[in-house]
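Asks: return atomic coordinates for the entry below.
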Amino acid sequence: MLRKLSLRNAKRQFREYTLYFVTLTFTVSLMYAYQTLLFSDSVKALSRLEIFPLMIAAASILIVFIIGKIISYMTNYMLRKRSREFGIYMLSGIPGKAVGTLVFYENTLIGTLAFLPGLPAGMLLSQVLEAVLLPLFGLSYMPHFLLSLPAAGLTFLYFAVMLLYSLLKNGKWIRRITLYELLLFDRKNEKSLLAGSSTSAVAVFFLS
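Replies: Numbers count the residues shown, from 1 in each chain. Model (predicted):
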């Protein structure tokens, strides 16, 4: 039942999740492009830059950390936006744990759908990176659009860790929040927004 409900919600909420979906797809493509450089024979031929693979690995970990935080924030934002919907589920007798499982199914489905187009986009982005990088070191660039299985596997691992971290973190929020808080969450957001000063809001905006 929960899987059918999550599939229906994913279809119904697709327009709301468009930016989230695009972000996940871009994340997959970016990570795959970096991992392809890590396993590329052309890059390995750069004997003068033995530290270069380590730099790519460090950049990949940094990207995973930063985008992981962004994905977690976006997931939390979408869940808070649907607070009344979750409140109605609980009012209908669905426990918070089941609602958390529902959200897990929904985001897993969206993440899977984002991963599929992310790989071809990553293949294209990796070619762009090689076309820019290799001539800088006097190497000729030859286009090749073959899927790198090691790069795809490492990308899947990083992506799964980020998505799982986001879902577990926000799943705890759903399980702990009360029905009363869910139903009145929009009103609480309005009050907290009105209570904040315009100066701090502008500062946070420019800092972001």
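Asks: now do residue 120 against residue 147, distance only.
Replies: Shown here: residue 120 relative to residue 147, a distance of 9 Å by Cβ to Cβ, to the nearest Å. C-betas here are computed from N, CA, C, even on glycine.
Asks: which strands and helices lie in contact with the helix or strand residue 70 falls within?
Replies: Using DSSP states H and E, residue 70 maps to helix 52-81. Counting contacts by 3 or more Cβ pairs under 8 Å, 6 or more residues apart in numbering; DSSP states H and E, helix 52-81 packs against helix 18-39, helix 41-44, helix 149-176.
Asks: how many neighbours does residue 132 have?
Replies: 10 (other Cβ atoms under 10 Å).
Asks: go on, the one 3 residues further on?
Replies: Look at residue 135: counted by other Cβ under 10 Å, it has 11 neighbours.
Asks: pLDDT below threshold where in this structure?
Replies: Residue ranges of the chain with pLDDT under 70: 1-16, 42-50, 52-53, 137, 139, 182-208.
Asks: switch the cut-off to 80
Replies: Regions of the chain meeting the criterion pLDDT under 80 cover residues 1-17, 37-60, 63-64, 78, 80-91, 93-96, 133-146, 171-208.
Asks: pretty sure residue 29 sits against residue 116.
Replies: No - the pair residue 29 / residue 116 is not scored as a contact, 11.3 Å apart, by Cβ atoms under 8 Å.
Asks: picking that back up, including mean neighbour count and distance to residue 131, could the helices and strands packed on helix 52-81 go into TSV?
Replies: Formatted as TSV, those follow (neighbours: other Cβ atoms under 10 Å; distance: least, Cβ to Cβ, whole Å):
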stretch	mean neighbour count	distance to residue 131
helix 18-39	20	12
helix 41-44	14	11
helix 149-176	17	17
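Asks: to residue 143, which of those helices lies closest?
Replies: helix 41-44 (11.6 Å; Cβ to Cβ).
Asks: farthest residue from the center of the protein?
Replies: residue 138 (35.9 Å; Cα atoms, centre = their mean).
Asks: state the distance from residue 94 to residue 103.
Replies: Residue 94 is 12 Å from residue 103, by Cβ to Cβ.
Asks: quick one, which of these two is more surrounded?
Replies: residue 103 (23 against 17).
Asks: next, the angle helix 18-39 makes with the host helix or strand of that one.
Replies: Taking DSSP H and E as the criterion, residue 103 maps to helix 96-133. Counting by axes from the mean of the first three to the mean of the last three Cα atoms, to 10 degrees, helix 96-133 lies at 50 degrees to helix 18-39.
Asks: which helices and strands sit right next to helix 96-133?
Replies: When contacts are defined as 3+ Cβ pairs under 8 Å, 6+ apart, helix 96-133 packs onto helix 2-12, helix 18-39, helix 41-44, helix 83-91, helix 149-176.
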